[in-house]
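> below is the sequence, then the predicted model.
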Amino acid sequence: MKNTFESRNYIIAILTIASLVFLLFNDSQLGQVLSSLIGSFFLYLINIIYQHHIQSEYKKKKSNLFNKFNKKKLINLYKLHPHSTIEKIKNLYRKAEEYEINEQYNQALHFLEQALKHNSDPKFIKSQLPLLYTEGKIKEVIELSIQRKFSSKEERIENLGFLAICYKKIKCYEKSKECLTKISEYYTDDQNEKIICLIDLLECHLSLEEKEEEYKLLEKINELIVRKKYYSGIFYLLNTYISYYLVKEDPIYLLKHLSISASLLNGLNKIDLDLSGSAAIISIYQFLEQSANALAKHRNQSYSIVDEDINIDEILKYVNKNPEKHENNLLLKSIIESFKIQAERYLDSMEI
């Protein structure tokens, strides 16, 4: 508003000066020439001021658009996997930029608004969260998840669960407990989601060294996993203990759980896993490769670890010499591929 007011004052002042010059020199030939030159000059100035005013208004409206759609919800499209929907959104941004360069501001605002609208669409954001998670962009996932809007109770629960996983990943256990407490209100013991919720709570107890609560909860979790034959729960529980013993720097118990994990994963190419199980396996693979590489450097000393529960050879299979050809990466690749397929499904459902 201030810029508009100032621009109008400039224009009024210029017109006043031009009028005075015209009155003073109107009768002389010199006056007519001066009036013509000054008139052209002031018209030029008026045009510059007007253009400055238009550009200021455009920048203001552009800023308002970004605020409307919340900059934090926007995802960098150029880092994402190719898809026709993403290409269409990119094209909208390109058109907005072209119109801005050509000073066609109304059209630029129109295409920018369309691009921002689709870029912040809940379906679009949901399609990208698992992919961002696999790339290790946990804080970005948390930011986007917090700002998501939900059309159903199921979506809200799913988001809380995914947030709990992310908070756990960055060891923010109090926040994780908040999410898990909300989730626990929705489920019964007969549901797999309740098991995941309990395992996450178990990790909070582990990290806070609440031993009594840990043992009671672990007993209940084992009973539910066996009864339900819930494979994702097994890997999720293993990953929980692996993460814990890694932090505690307890090599014996760490290797025990890695050995169990390696045995379970050995020869496993296909299994019905949910998001929690898939995320756990990704984490377990990373732990196995790191441990295998460390053990391989000290192979002789590794075999000196005497414990019938630890199979060093199983872990050493995960030495990461060539990630692209390593047979133990097949399952990991299939999980990430399933995330991509899921993302494409959401993107296909968007109308642009």
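Nice, I can see it.
> hang on, residue 194 packs against residue 187?
Yes: if you go by C-beta atoms under 8 Å, residue 194 and residue 187 touch, sitting 3.9 Å apart. Every residue, glycine included, has its C-beta placed from N, CA and C.
> contacting residues around stretch 183-198?
By C-beta atoms under 8 Å, 6 or more residues apart in numbering, the residues outside stretch 183-198 that reach it are 153, 157, 160-161, 164, 180, 201, 217, 220-221, 224-225, 228, 230, 232-233, 236, 274, 276.
> list only those of those residues flagged as buried.
Buried members of the contacts of stretch 183-198, counted by 16 or more other C-beta atoms under 10 Å: 157, 160-161, 164, 180, 201, 217, 221, 224-225, 230, 232-233, 236, 274, 276.
> farthest-separated two in those?
Greatest spatial distance among the buried ones among the contacts of stretch 183-198 (C-beta to C-beta): 160 and 225, at 21.4 Å.
> could I get the buried residue list for stretch 159-178?
Using 16+ other C-beta under 10 Å as the test for burial, stretch 159-178 gives 159-169, 173, 176-177.
> for residue 120, give me phi and psi.
phi -110, psi 10 (degrees, to the nearest 10).
> show me what contacts it?
Per C-beta under 8 Å, 6+ apart, neighbours of residue 120: 69-70, 73-74.
> same thing but 10 Å
Residues near residue 120 by C-beta atoms under 10 Å, 6 or more residues apart in numbering: 68-75, 144, 147, 149.
> PyMOL command for the buried members of these?
A single PyMOL command selects the buried members of those (16+ other C-beta under 10 Å):
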select buried, resi 69+73+74+75+144
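> lowest-confidence member of the contacts of residue 120, which is it?
The lowest pLDDT within those belongs to residue 72, with 66.
> pretty sure residue 115 contacts residue 74?
Yes: using C-beta atoms under 10 Å as the test, residue 115 is close enough to residue 74 to be in contact (9.3 Å).
> just give me the residue right at the centre of the chain.
residue 141 (3.3 Å; C-alpha atoms, centre = their mean).
> which parts of whatever helix or strand residue 131 lives in are buried?
In this structure, residue 131 sits in helix 122-134 according to DSSP states H and E. Within helix 122-134, the residues that count as buried by 16+ other C-beta under 10 Å are 124-133.
> which of the residues you listed sits closest to residue 253?
For the buried residues of helix 122-134, the nearest to residue 253 is residue 133 (26.9 Å; C-beta to C-beta).
> about what we covered before: please flag which of the contacts of residue 120 sit within helices.
Among the contacts of residue 120, the residues falling in helices (DSSP state H) are 68-69, 144.
> distance to residue 290 for those - can I get that in TSV?
Formatted as TSV, the ones in helices among the contacts of residue 120 follow (distance: C-beta to C-beta, whole Å):
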residue	distance to residue 290
68	44
69	40
144	28
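> can you tell me which of the residues you listed is nearest residue 315?
residue 144 (35.3 Å).
> got the domain boundaries for the protein?
Domain assignment for the chain by automatic domain parsing gives 1-69, 152-229, 231-320.
> now those domains in JSON lines, with distance to residue 119?
Converted to JSON lines, the domains of the chain look like this (distance: least, C-beta to C-beta, whole Å):
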{"stretch": "domain 1-69", "distance to residue 119": "7"}
{"stretch": "domain 152-229", "distance to residue 119": "19"}
{"stretch": "domain 231-320", "distance to residue 119": "23"}
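> out of those, nearest to residue 346?
With C-beta to C-beta as the criterion, residue 346 lies closest to domain 152-229 of the domains of the chain, at 12.0 Å.
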